[in-house]
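Below is the structure, and that's it, no one-letter string:
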């Protein structure tokens, strides 16, 4: 989490409020004296700011600390907690060919959501117009009033400049210099902030999910492409050109590798993303047309191909299991490189890596631990996201919550 140390100066009142709100986010219930200790603010400052937040309905008193009540000595301490439904944000996750919109409360709990598909060859303006319409419809569906709405957070594919709210380059969509923030603000008449979608997911995990408490967190996402989001000491790490975490374009096979969408050859994406794994599985069915995998893929119905591939492996199809182990090995090498570069204490897997974590993680984790430098691989915890398909919109909501509520100065 960001530093909780507040400053006893009137002109830094906003920072003191942020320190209080971040403390309340990290602790479900907290006494005023503990809040003062964690934020390094005086009892008077705590009393004044807590009073203001209570008047706004953002926090409330929530009974006495159980231990104090049991002791029966002195006046029991009244506990403070956030009121989750005091304010709301809208999260927008823009994937490849699909976007999700959700209204969430202060804990990023989803109140209403919408999912829509779009043509990846459509102009950016057409897609953003559709998103703006769904933002309005989802807000209406939620029943939340605009008075309680703080703003909109967008997690967008590709390189994003969050300071300007511009999608610099989304190679799989053909978007360049797309002013997402300005375009959406004009159409929805709300404040909008924009972040890379995988970095947004990393932030969502750090604030609300399996990444809470981690000092250095890496969120690794695989679906149409592969990317990573890095949170270091509670802050997103973006790099000098907003490209930190593009591990999908880490060169794994400099000689003889397949051509990547970025124009290079042998990138990680050419080995472990969903379309590549599907193509490899279809080649297997050509070699064994009567095998279990072929049977699963012929009976796809509404399930994605990747889900049927994982199902065949779980049901014992040896060639499919071997294929997944082979590709998981490359993921493990990439994770070892990530560990050597950033020394994270926690790595969280999302997308298809989480969906197939029971099949992918054993090999990937073993390779990572074996190939990382000395003891660095032994100390890192690797686990799938607990959010499942919600990771994208919770991440986008987390971007809005950080920018517009918990720590506006930190969110930028």
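Arrived safely, thanks for sending. From a predicted model like this one, the values you see are computed outputs, not experimental measurements.

Are we agreed that residue 374 is in a strand?
No: Residue 374: not assigned to a strand; according to DSSP: H, G, I helix; E, B strand; the rest coil it is coil.

how is this structure carved up into domains?
10-82, 87-205+391-411, 212-386 (automatic domain parsing).

most packed of those?
Greatest average neighbour count among the domains of the chain goes to domain 87-205+391-411 (a mean of 22), per mean count of other C-beta atoms under 10 Å. Backbone N, C-alpha and C define where each C-beta goes, glycine included.

List the residues that contact the residue nearest to the spatial centre of the chain.
For the chain, residue 201 is the residue whose C-alpha lies nearest the centre (C-alpha atoms, centre = their mean; 0.8 Å). Contact analysis of residue 201 by C-beta atoms under 8 Å, 6 or more residues apart in numbering lists 155, 219, 221, 229, 350, 385, 391-392, 394-395.

That one - nearest residue in space that isn't next to it in sequence?
Nearest residue to residue 201 in three dimensions, chain neighbours excluded: residue 395, at 3.8 Å (C-beta to C-beta, 6 or more residues apart in numbering).

for the one you found, what are its contacts?
So residue 395 contacts 91, 93, 155, 197, 199-205 (C-beta under 8 Å, 6+ apart).

For this protein, name the helix or strand with the lowest mean pLDDT.
Lowest on mean pLDDT, DSSP states H and E among the helices and strands of the chain sits helix 66-71, with a mean of 50.

Surely residue 94 is in contact with residue 131?
Yes: at 7.3 Å, residue 94 counts as touching residue 131 under the criterion of C-beta atoms under 8 Å.

strands paired with the helix or strand just after the least confident helix or strand of the chain, and their directions?
Moving toward the C-terminus from helix 66-71, the next helix or strand (DSSP states H and E) is strand 78-82. Applying DSSP bridges, strand 78-82 is found paired with strand 30-31 (antiparallel), strand 59-64 (antiparallel).

Against residue 48, how distant is residue 405?
From residue 405 over to residue 48 the distance is 19 Å, taken as C-beta to C-beta, to the nearest Å.

same question, residue 361
49 Å.

and residue 225, what does it touch?
Going by C-beta under 8 Å, 6+ apart, residue 225 touches 96, 157, 172, 248, 261, 269, 273.

Residue 229 versus the residue nearest to the centre of the chain, what's the distance?
Separation of residue 201 from residue 229 (C-beta to C-beta): 6 Å.

Now do the shared contacts for those two.
With C-beta under 8 Å, 6+ apart as the test, residue 201 and residue 229 both reach 219, 221.

Can you give me the first-to-last residue distance of stretch 214-227?
Start-to-end span of stretch 214-227 (C-alpha to C-alpha, to the nearest Å) is 19 Å.

I'd like the distance from it to the chain centre, please.
With C-alpha atoms, centre = their mean, to the nearest Å as the basis, stretch 214-227 stands 8 Å off its chain's centre.
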